[in-house]
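Q: Can you look at this prediction? I've put the sequence above it.
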Amino acid sequence: MTRQEIEQEIKNIFSREFEIENPGMDDNLREKYEFDSIDAIELLLEIEKMLGFELTQEEKKQAMDIRTINQICDYIERIIQTRKTTG
Amino acid sequence: MERRVVITAASAITPIGHGKKQITENLLKGKSGIKPLREDELISRFIHSRVYGTVDYPIEYDFKRSHRKTMGPVAYYACQVAKEVLEQSGLTQDFIASGKLGVAFGSIHGSPTVQRDIYKIFFEAKDKASYQGIGAVDYLKSMVHTTAVNITKMFGITGRVISSGTACTTASQSIGFGYETIKYGLQDAMLCGGADEYDTITVAVFDNLLACSTAFNDEPQRTPRPFDKSRDGLVVGEGGGAVMLEEYEFARKRGANIIAEVIGFACNNNGGDLILPNLAGITATLRLGVENAKINPQDIDLISAHATATKMGDIIEAQAIGAIFGNHPYVTALKSYIGHTMAACGAIETIMSLYMMEDGFIAPTINLEEIDERCTIIKHVQKVLTHPVKTTAVQNFAFGGVNTILILRKFS
């Protein structure tokens, strides 16, 4: 997936699952949209569906400090890269 | 130090309407909210009792997603009546978030709808993907204090949380414990109440105990029949109710609309059987309530009886009322309109009593056509009375042998 495709899909998830329309790429999701740890867990399930594979518990824990859409996209790119590397 | 406690707002969602106007109109019309039991495609087909006190009208909720995500159906009822009570009260957001306002609110077992979905996965999960269907929020939606903490979250309330879960005395304990919390200076205001959602499991429990009404399945509105000779059991219902309690001086100084004063509360336990009504225990509750209110039994004008329309429960309650109050106060059984709304009943019946005190009428027990001769020792109400009511006792009794009485006085 390209960065642009990831961004679009994340925005679709935010609209569909969290009723957050067109968030700014660097908006603090917690401060601006009350996006909390419960939402983060649900987002990880959506990311698993998007990627088509399960995230490990360790990978999920790494996501808990994410605050912006840009950081989410970075995280997904990193996961994809790691899986490619490790096969 | 004992402080006076007043009620400054009230709202209810009930099988006969939402809010004072609808509820009062339907009490005056003698309208029943009992409808046919809805199919749940699980156990409803086995239930003998085919009736339910149903909220079947639309309610326009306006809750944002960040709040909705932790709410099962029971929390929708709870948060809606809480919202209406906060609006009515006129309390400022600064006070609401000050730590001086607490919440006492409960349900009999959280959200059974959500629990059912969890157990469906528990028993049927075949792989990890289906296991993950148990959502991060399912516990928050289904836990026993889900109503109370969804209210605190939605409105930013930071005071004490009391979440009674004592079946049919849940809301009366909420109001009673809220009253005591203010009376003894622990909080200045308490948002109190109870709620329960549509639930066939509760019906099944009472049905299997042979405690549910079955003889009027084809004529739902003719049951339940508290104190009537042909009563044949209770009808489970749904709904929610909330009241705002405030310390009197605080309410007076801010110019609040004071509806009534809570002048007494008592709660005890039968100390034995967890199901059967107990004459000694209930009689003691009523006596303790009168003592707590520092009044004479003859000061009570009206009793809102628990009166579920079970064979033994109504007789024992009538005997207890007769023993403490004689046949002086009028007695009405409000479950005849709405069924047994479980955790909500103490709040809804308190609120209906407030409406009657405010408007100077007494709603009769509907379906009371021929009084059971064993219940004739008390003064029943069989038609609408235009009558001033100054002091009302609201009685509720629960599985587990818990008994409560709240004593309310019209504010003047």
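A: It's in.

Q: Could you measure from the residue nearest the centre of chain A over to chain B?
A: The centre of chain A sits closest to residue A:72, judged by Cα atoms, centre = their mean, with a distance of 4.0 Å. For residue A:72, the distance to chain B equals 17 Å [Cβ to the nearest Cβ, to the nearest Å]. Backbone N, C-alpha and C define where each C-beta goes, glycine included.

Q: what helix or strand does that residue sit in?
A: helix A:69-86 (DSSP states H and E).

Q: Could I get the buried residue list for that helix?
A: For helix A:69-86, the buried set under the neighbour-count rule, 16 or more other Cβ atoms under 10 Å in any protein chain shown, comprises A:69-70, A:72-73, A:75-76, A:79.

Q: Torsion angles phi and psi at the residue nearest to residue B:284 when sequence neighbours are not counted?
A: In space, and not counting its chain neighbours, residue B:284 is closest to residue B:268: 5.8 Å by Cβ to Cβ, 6 or more residues apart in numbering or on different chains. The phi/psi pair for residue B:268 (degrees, to the nearest 10) reads phi -150, psi -170.

Q: isn't residue B:268 right next to residue B:283, touching?
A: No. Counting by Cβ atoms under 8 Å, residue B:268 does not reach residue B:283; the two are 10.3 Å apart.

Q: how close does the residue nearest to residue B:284 sit to chain A?
A: Applying Cβ to the nearest Cβ to residue B:268 and chain A gives a distance of 40 Å.

Q: residues from chain A in reach of chain B?
A: Counting by Cβ under 8 Å from any Cβ of the partner chain, chain A comes close to chain B at A:18-19, A:33-34, A:36, A:38-39, A:41-42, A:45, A:54.

Q: Going by neighbour count, which of those comes out on top?
A: residue A:39 (22 neighbours; other Cβ atoms under 10 Å in any protein chain shown).

Q: can you confirm that residue is in a strand?
A: No. Counting by DSSP: H, G, I helix; E, B strand; the rest coil, residue A:39 is not found in a strand; it is helix.

Q: what's the pLDDT at it?
A: pLDDT recorded at residue A:39 is 92.

Q: so what's it up against?
A: Contacts for residue A:39 (Cβ atoms under 8 Å, 6 or more residues apart in numbering or on different chains) come out as A:18, B:69.

Q: Show me what the longest helix that chain B contains is packed against.
A: Under DSSP state H, the helix in chain B containing the largest number of residues is helix B:73-89. Helix B:73-89 is packed against strand B:5-14, strand B:101-106, helix B:146-155, strand B:189-196, strand B:239-247, with contacts defined by 3 or more Cβ pairs under 8 Å, 6 or more residues apart in numbering or on different chains; DSSP states H and E.

Q: So the third one, near chain A or not?
A: No. Against chain A, helix B:146-155 shows no contacts by Cβ under 8 Å from any Cβ, the least distance being 10.3 Å.

Q: Helices along chain A, start to end?
A: According to DSSP H, the helices that chain A contains are A:3-18, A:29-33, A:37-51, A:57-62, A:69-86.

Q: Can you tell me which of the helices and strands packed on helix B:73-89 is packed in deepest?
A: Burial of these is given as mean neighbour count (mean count of other Cβ atoms under 10 Å in any protein chain shown); strand B:189-196 ranks first at a mean of 34.

Q: Quickly run through the sheet partners of that one, with directions.
A: Each strand that pairs with strand B:189-196, with its direction, by DSSP bridges: strand B:101-106 (parallel), strand B:239-247 (antiparallel).

Q: Around chain A, which positions in the stretch 51-200 of chain B sit nearby?
A: Checking the stretch 51-200 of chain B against chain A by Cβ under 8 Å from any Cβ, the hits are B:64-66, B:69-70, B:128, B:132, B:135-137, B:140.

Q: Could you report the neighbour count for residue B:94?
A: Residue B:94 has 7 nearby residues by other Cβ under 10 Å.

Q: which parts of stretch B:61-74 are buried?
A: For stretch B:61-74, the buried set under the neighbour-count rule, 16+ other Cβ under 10 Å, comprises B:63, B:66-74.

Q: Tabulate those residues in a markdown table, adding columns for pLDDT.
A: Putting these into a markdown table (pLDDT from 0 to 100) gives the following:
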| residue | pLDDT |
| --- | --- |
| B:63 | 97 |
| B:66 | 91 |
| B:67 | 95 |
| B:68 | 95 |
| B:69 | 94 |
| B:70 | 95 |
| B:71 | 97 |
| B:72 | 97 |
| B:73 | 98 |
| B:74 | 98 |
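
Q: now stretch A:78-87, how far from the centre of its chain.
A: 16 Å (Cα atoms, centre = their mean, to the nearest Å).

Q: Kindly report the same for stretch B:154-161.
A: Centre to centre, stretch against its chain (Cα atoms, centre = their mean), the figure for stretch B:154-161 is 21 Å.

Q: sorry, back to before: the helix holding residue A:72 vs helix A:3-18, what angle?
A: Helix A:69-86 runs at 120 degrees relative to helix A:3-18, counting by axes from the mean of the first three to the mean of the last three Cα atoms, to 10 degrees.

Q: report the angle between the axes of helix A:69-86 and helix A:37-51?
A: Using the same axes, to 10 degrees: helix A:69-86 against helix A:37-51 is 50 degrees.

Q: And helix A:69-86, what does it pack against?
A: Checking 3+ Cβ pairs under 8 Å, 6+ apart, helix A:69-86 ends up next to helix A:3-18, helix A:37-51.

Q: at 7 Å instead, please
A: helix A:3-18 (3 or more Cβ pairs under 7 Å, 6 or more residues apart in numbering or on different chains; DSSP states H and E).

Q: which outside residues touch the helix it packs on?
A: A:20-21, A:23, A:35, A:39, A:42-43, A:46, A:50, A:69, A:72-73, A:76-77, B:65 (Cβ atoms under 7 Å, 6 or more residues apart in numbering or on different chains).

Q: buried set for that helix?
A: A:6-7, A:9-11, A:13-14, A:18.

Q: Alpha carbons of that helix, as CSV, please.
A: Output of helix A:3-18 as CSV, limited to C-alpha atoms (Å, rounded to 0.1, in the frame of the first residue of the first chain):
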residue,chain,number,x,y,z
ARG,A,3,1.3,6.2,1.9
GLN,A,4,-1.6,7.9,0.1
GLU,A,5,-3.7,4.7,0.2
ILE,A,6,-3.0,4.2,3.9
GLU,A,7,-4.0,7.8,4.6
GLN,A,8,-7.3,7.4,2.7
GLU,A,9,-8.1,4.1,4.3
ILE,A,10,-7.5,5.5,7.8
LYS,A,11,-9.7,8.5,7.1
ASN,A,12,-12.4,6.1,5.9
ILE,A,13,-12.1,4.1,9.2
PHE,A,14,-12.3,7.3,11.2
SER,A,15,-15.4,8.4,9.4
ARG,A,16,-17.1,5.0,9.5
GLU,A,17,-16.2,3.8,12.9
PHE,A,18,-15.5,6.9,14.9
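
Q: Sweet, I'm off.
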